[in-house]
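S.K.: Need a 3D model of the sequence below.
(chains A and B)
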Amino acid sequence: MYGLFFGLFGGLLSVMSINLKQCFMRVTLLLAAIGVSGCKGAAVEPPVAKLLAKPLNDTGTTFCRDSSGLEEDCFVASAQDGNQGRDAQVGLVKTGGGQAGFDWSKIATDGSTLAQQSLAWQAAGSEAANTQWRCVQDHHTGLLWEVKSDVPTAVNFRDLRYTWFDPDTTRNGGNEGLASTDDCNGIACNTAAYIAAANTQALCGTQQWRLPSVNELLSIAVSANLDYAIDTDYFPNAKNDQYWSYQSYAPNRANAWYVYFSDGGNGTALKTLDTYTRLVSGGQQ
Amino acid sequence: MFIQLKRCQRSLSITSLFCGAFLFASVSHAACVNGLRQETPTSRFTLQADVVTDTHTGLMWQRCALGQQWQTEKSRCNLNLEQQRLFTWPQALEASKASPLGGYSDWRLPNKNELASIVERACTGPAINETVFPSTTAAEFWTSTPGRREGGYAWRINFKTGDILNIQTDQTYSVRLVRDAQ
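M.R.: Numbering: from 1, shown residues only, chains lettered A, B, ... in the order given. The predicted structure is shown next:
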């Protein structure tokens, strides 16, 4: 019965969508006929950009390679990642900065944007001197990320590792993971405790902190970098290692997905494993 | 085009097509887990017969992989035995330039982030929304993103589980094309 309903609905949708597609094609032809197409120099107002709920970052890949791995001119290898997208866009207008097509700003613990954005992180520095920061705002995806510290007593110390713990049964696939009670500088070493602490503190001015999805982690992963698959100018004290996502591994929910910031790939690990965690805020989950 | 393949690729293609047809006939569906959040619900997409637009990312996707053909009456993809279905990375890049689907001329091979955006991790075998992308093989698909080191690697996504790895460019995988929806 479910199949019949789906079949009818699918059939109805097909009929409707055929008309929609014909409409698209006819309008496109009409516009072309009156000179509104491509880059022909017609003085036409560009269409208003649609507000995308989950705009994608480009991968940070600015090179092209032939099939044996040697670097190749991207103009020649036109179908590859390196020749396309924000990373390849000449004259890309940014609100902030960052390598390739990325667009970030450094944010202080109180949520304010650092006045000076181009100073390097200093171990003996400070937010007042703009040589330390607590968060990074991604102007393209709209996400706000936390940044790690090199101070061994800091709650966001780079070496701290957390077990995966999420008691939300609409999200954990029936396996809540492990609520480790080990100490991570005053916070229990599990992801739910770390999230709760960040929200209680209203870190960087928000109380919407959570674990990112795999795709959100990929949005800050730069596969093109050699050692750290992340822009360390904006994300100092990063580990080229596994960072937890909120997503359980569907075939076996005792495991959850991580993104590997050595190369920007992903994998799964037991939720009882403790590994690195970088919280995110904003966007839709 | 089929004759130009090497004999090993030809037999691999024949085997893949045969097995693909068999699998399709035996109706393999994704298993989606209750209690896991679906990141790619159908409501986020605009279905347009053989193409679909993701309103969240602004991307338009071909609903069938290369080597499949859209069957309007049943809203699914059938194997097209006259076309190549598995490609090495250079072949995938080449094939991505030549698709005329929908009257568009700017289809491309998706990069790593773009292809990852349609992985549905609440589902497995394939890890994709099968209403939006019917008849998806639970296997590897190429991206346009090369590996960072020399040695001939490029990134692929396995739609059986959703893992993302880089692999030698001479492997033969499926291809799904994308373009910017204006």
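S.K.: correct me, but residue A:154 touches residue A:186?
M.R.: No - look at residue A:154 against residue A:186 with C-beta atoms under 8 Å: they stay out of range, at 10.0 Å. For the C-beta atoms, the positions are set from N, CA and C on the backbone; glycine is no exception.
S.K.: The two: who's more crowded?
M.R.: Each of residue A:154 and residue A:186 has its neighbours counted (other C-beta atoms under 10 Å in any protein chain shown); residue A:154 has more, 14 against 8.
S.K.: Enumerate every residue touching that one.
M.R.: residue A:185 (C-beta atoms under 8 Å, 6 or more residues apart in numbering or on different chains).
S.K.: Quick check: the gap between it and chain B.
M.R.: Distance from residue A:154 to chain B, counting by C-beta to the nearest C-beta, to the nearest Å: 31 Å.
S.K.: Check residue A:93 too.
M.R.: From residue A:93 to chain B the distance is 18 Å (C-beta to the nearest C-beta).
S.K.: Would you confirm that that residue belongs to a strand?
M.R.: No - using DSSP: H, G, I helix; E, B strand; the rest coil, the assignment for residue A:93 is coil, not a strand.
S.K.: Next, count neighbours for it.
M.R.: Residue A:93, neighbours per other C-beta under 10 Å, totals 6.
S.K.: same check, this time on residue A:120
M.R.: 9.
S.K.: Would you confirm that it contacts residue A:233?
M.R.: Yes - contact status for residue A:120 versus residue A:233: in contact at 7.2 Å, counting by C-beta under 8 Å.
S.K.: Now the residue with the largest distance to the centre of chain B. Nearest residue, chain neighbours left out?
M.R.: Of all residues in chain B, residue B:35 has its C-alpha farthest from the mean position, at 26.5 Å, by C-alpha atoms, centre = their mean. Using C-beta to C-beta, 6 or more residues apart in numbering or on different chains and skipping residues adjacent in sequence, the residue nearest residue B:35 is residue A:173, 4.7 Å away.
S.K.: Is it correct that that neighbour falls within a strand?
M.R.: No - per three-state DSSP, residue A:173 lies outside any strand segment and is coil.
S.K.: Next up, phi/psi of it, please.
M.R.: phi 60, psi 20 (degrees, to the nearest 10).
S.K.: Equivalent analysis for residue B:78, please.
M.R.: Main-chain dihedrals, residue B:78, degrees, to the nearest 10: phi -100, psi 150.
S.K.: How about the contacts made by it?
M.R.: B:24, B:68-69, B:71, B:135.
S.K.: Low-confidence regions, the stretch 51-200 of chain A specifically.
M.R.: By pLDDT under 70, the stretch 51-200 of chain A contains no weakly predicted segment.
S.K.: what ranges do the helices span in chain A?
M.R.: A:2-33, A:191-201, A:214-218 (DSSP state H).
S.K.: Please enumerate the strands of the chain.
M.R.: Reading this off chain A. A:64-65, A:71-72, A:104-107, A:135-138, A:144-146, A:162-163, A:183-184, A:187-188, A:242-248, A:255-260, A:265-270, A:274-275, A:280-281 (DSSP state E).
S.K.: think we crossed wires, I meant chain B
M.R.: B:31-32, B:45-48, B:51-54, B:59-62, B:68-71, B:76-79, B:123-124, B:140-146, B:153-158, B:163-168, B:178-180.
S.K.: got the contact list for the fourth one?
M.R.: Spelled out, that is strand B:59-62. In contact with strand B:59-62 (C-beta under 8 Å, 6+ apart) are residues A:56, B:50-54, B:99, B:101, B:104, B:107, B:110, B:114, B:117-118, B:133, B:176-181.
S.K.: Low-confidence regions, chain B specifically.
M.R.: Within chain B, the stretches with pLDDT under 70 are B:1-28.
S.K.: Just to check, the residue farthest from the centre of chain B is in contact with residue A:172?
M.R.: Yes - at 6.7 Å, residue B:35 and residue A:172 qualify as touching, with contact defined as C-beta under 8 Å.
S.K.: Spit out the residues that contact these two alike.
M.R.: Shared contacts of residue B:35 and residue A:172, defined by C-beta under 8 Å, 6+ apart, comprise residue A:253.
S.K.: Would you format the strands of chain B as TSV with distance to residue A:270 included?
M.R.: Formatted as TSV, those follow (distance: least, C-beta to C-beta, whole Å):
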stretch	distance to residue A:270
strand B:31-32	21
strand B:45-48	33
strand B:51-54	32
strand B:59-62	34
strand B:68-71	37
strand B:76-79	36
strand B:123-124	18
strand B:140-146	25
strand B:153-158	20
strand B:163-168	16
strand B:178-180	34
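S.K.: mind checking which of these is nearest residue A:283?
M.R.: Residue A:283 sits nearest to strand B:51-54 of all the strands of chain B, at 15.1 Å, using C-beta to C-beta.
S.K.: give me the number of residues near residue B:50?
M.R.: Residue B:50: 21 neighbours (other C-beta under 10 Å).
S.K.: can you check the one 10 residues further on too?
M.R.: Using other C-beta under 10 Å, residue B:60 has 22 neighbouring residues.
S.K.: check contacts around the residue lying closest to it once chain neighbours are set aside.
M.R.: Spatially, and ignoring its direct neighbours in sequence, residue B:60 is nearest to residue B:181 (3.9 Å; C-beta to C-beta, 6+ apart). Contacts of residue B:181 were listed using C-beta under 8 Å, 6+ apart, and they are B:53-54, B:58-60.
S.K.: Can I get these in CSV including distance to residue A:65?
M.R.: Output for the contacts of residue B:181, formatted as CSV (distance: C-beta to C-beta, whole Å):
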residue, distance to residue A:65
B:53, 31
B:54, 28
B:58, 27
B:59, 24
B:60, 27
